[in-house]
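*Asks:* Okay, predicted coordinates and the sequence, questions at the end:
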Amino acid sequence: MTHFWLFEAAAELSDRLDFTMSVDPFLGEMARLRFGDGTVCYLSHEAYDVNMGVSSDLATMPALSMQFLAQAGLPVPAFGWVARGPAASEQAACLAERLGYPVILRSSGRQGVGPFLATDPEILGDLVSQTLALAPALVVQRPVWGLQTSVVVYRGEVRFAFERHPWRVVGDGRRSIQQLLEAHRAQNPALGLMLDDWRIDDMLEFGRRDRSTVPQVGEVVPVALKASLAHGGRVRALPGELDPTLASLAREAARQSGLAFCAIDLITNREGTWLLDVQPAPDLEPYMALGAAARRNVRLLVERLLLDTQASCGPTAPIAKARGS
C-alpha cells in the first residue's frame with residue numbers, strides 16, 4: 001500500500017486548515033502535523049486517529065474479525081480459520097474438504113500474504129506453509145465470484161464507492177493468453193505481478209485454460225485473484241448511484257467493526273451480496289486516478305479526517321512556543 005496520496009492530500013489542505021506538516025526523513029511513512037492552535041498529531045497510512053486502535057488491529061486479522069461479523073448476522077462467505085502450529089496443514093485440509101475445492105486462503109496479520117487460490121490438496125499444503133510463515137493464522141474461505149465494490153464509510157455515512165476488477169485479458173481470436181499477458185505488460189510497465197507467476201497458472205487451470213489457449217473474440221479470461229493495481233487490476237467509477245442495499249450493508253459492517261473510517265469490500269452476483277473485507281486504512285490512490293471528481297471526494301474526506309483528528313488530540317493546556325520548535 002502506498003501512502004503518498006494521503007500526504008499529498010493533507011499538504012494541499014495545510015493553508016486552509018492552518019497546519020504545517022513534516023514527513024519523517026528516514027522511511028517517509030509518518031508525518032507530524034502542527035496546527036496553529038498548538039495541536040500536534042501524527043499521520044500514517046496504516047492507522048487513523050479517528051479509529052479505535054483495537055478495532056483497527058482486529059480488522060487486519062480476518063481469522064478473528066470475520067467471526068464477529070458473522071455472529072452479527074452479516075453475509076460472510078463460508079469460512080474457517082487455522083492458527084500456526086504443527087497441525088495447521090491437517091486442519092486446513094479438513095476445512096477445504098468441508099467447504100469444497102477450490103478454496104481461497106487469506107492470511108491474518110499485518111505481515112500477511114495472499115489471497116491464494118488452492119485448487120487441490122497438494123497446492124493447499126504448500127500455501128498453508130507459505131502463508132503461516134508470515135502470519136499467525138489464516139482463513140480458508142469458500143470463493144464467491146462476482147462484481148467487487150469498495151464503499152468508503154466515515155462515521156456512518158457513505159462518502160463514495162467504486163468498482164474493483166481483478167486482472168482479466170480479453171480475447172481477440174488470434175493471440176494466445178501468454179501473448180495477451182505480454183501485451184498488457186508492455187502497456188503497464190509498473191505491473192508488480194511477474195508474467196511467470198504461478199498464481200496466473202492456477203487461475204488459468206481453474207478456468208480449464210493454459211497460456212497457449214487462444215480465447216475467442218471478446219472472451220474474458222481472469223488471470224489474477226487479487227483486485228489490486230500491482231496485480232494488474234483496475235478500478236472503475238460506478239455507472240450510477242450506489243445501490244441502497246450495498247450502502248446499508250457497508251454502513252452496518254463499519255458499525256459492527258467499530259470503525260469510524262474504513263472501506264468495506266463487497267462482492268455481488270445473482271445469488272446475493274457478501275462482505276469480502278474490511279479495510280481500516282484503505283489505499284485510495286487508484287480511486288483518485290479516476291479523475292477530478294474522485295480527487296475532490298478524497299480531498300473533502302481527508303479534510304474531515306484532519307479536522308476530527310485535531311479535535312480529538314487538541315492541547316489540554318496552553319502551549320508556549322519554544323525557540324526553534
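*Replies:* Sure, I can see it.
*Asks:* Need the residues that contact stretch 265-281.
*Replies:* 1, 44-48, 51, 55-56, 59-60, 62, 65, 69, 74-77, 144-151, 164, 245-246, 249-250, 253-254, 257, 259, 261-264 (CB atoms under 8 Å, 6 or more residues apart in numbering). Placement of C-beta: from N, CA and C, glycine included.
*Asks:* can you list the weak-confidence ranges in the stretch 1-150 of the chain?
*Replies:* For the stretch 1-150 of the chain, residues meeting the criterion pLDDT under 70 lie at 1-3, 47, 110-112.
*Asks:* mind listing the helices for it?
*Replies:* 4-12, 14-17, 53-59, 62-71, 88-99, 121-132 (DSSP state H, counting those that start in this stretch).
*Asks:* ok, now the stretch 201-325 of the chain?
*Replies:* Remark: helices assigned in the stretch 201-325 of the chain by DSSP H, counting those that start in this stretch are 244-257, 285-288, 292-312.
*Asks:* Turn these into TSV, including distance to residue 104, mean pLDDT and mean neighbour count.
*Replies:* Shown next, in TSV, are these (distance: least, CB to CB, whole Å; pLDDT from 0 to 100; neighbours: other CB atoms under 10 Å):
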stretch	distance to residue 104	mean pLDDT	mean neighbour count
helix 244-257	19	95	18
helix 285-288	22	91	21
helix 292-312	29	91	16
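*Asks:* So for residue 114, which of those sits nearest?
*Replies:* Closest to residue 114 of those, according to CB to CB: helix 285-288, at 19.2 Å.
*Asks:* Can you tell me which helices and strands that closest one packs against?
*Replies:* helix 4-12, strand 234-237, helix 292-312 (3 or more CB pairs under 8 Å, 6 or more residues apart in numbering; DSSP states H and E).
*Asks:* before we move on, back to that, tell me which of the helices of the stretch 1-150 of the chain lies nearest to residue 187.
*Replies:* helix 4-12 (22.8 Å).
*Asks:* mind saving the C-alpha coords of the closest one as CSV?
*Replies:* Presented in CSV, the C-alpha positions along helix 4-12 are these (Å, rounded to 0.1, in the frame of the first residue of the first chain):
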residue,chain,number,x,y,z
PHE,A,4,1.7,9.3,-0.9
TRP,A,5,-1.9,10.0,-1.8
LEU,A,6,-2.7,10.7,1.9
PHE,A,7,0.3,13.0,2.5
GLU,A,8,-0.3,14.9,-0.8
ALA,A,9,-4.0,15.4,0.0
ALA,A,10,-3.1,16.6,3.5
ALA,A,11,-0.4,19.0,2.2
GLU,A,12,-3.0,20.6,-0.2
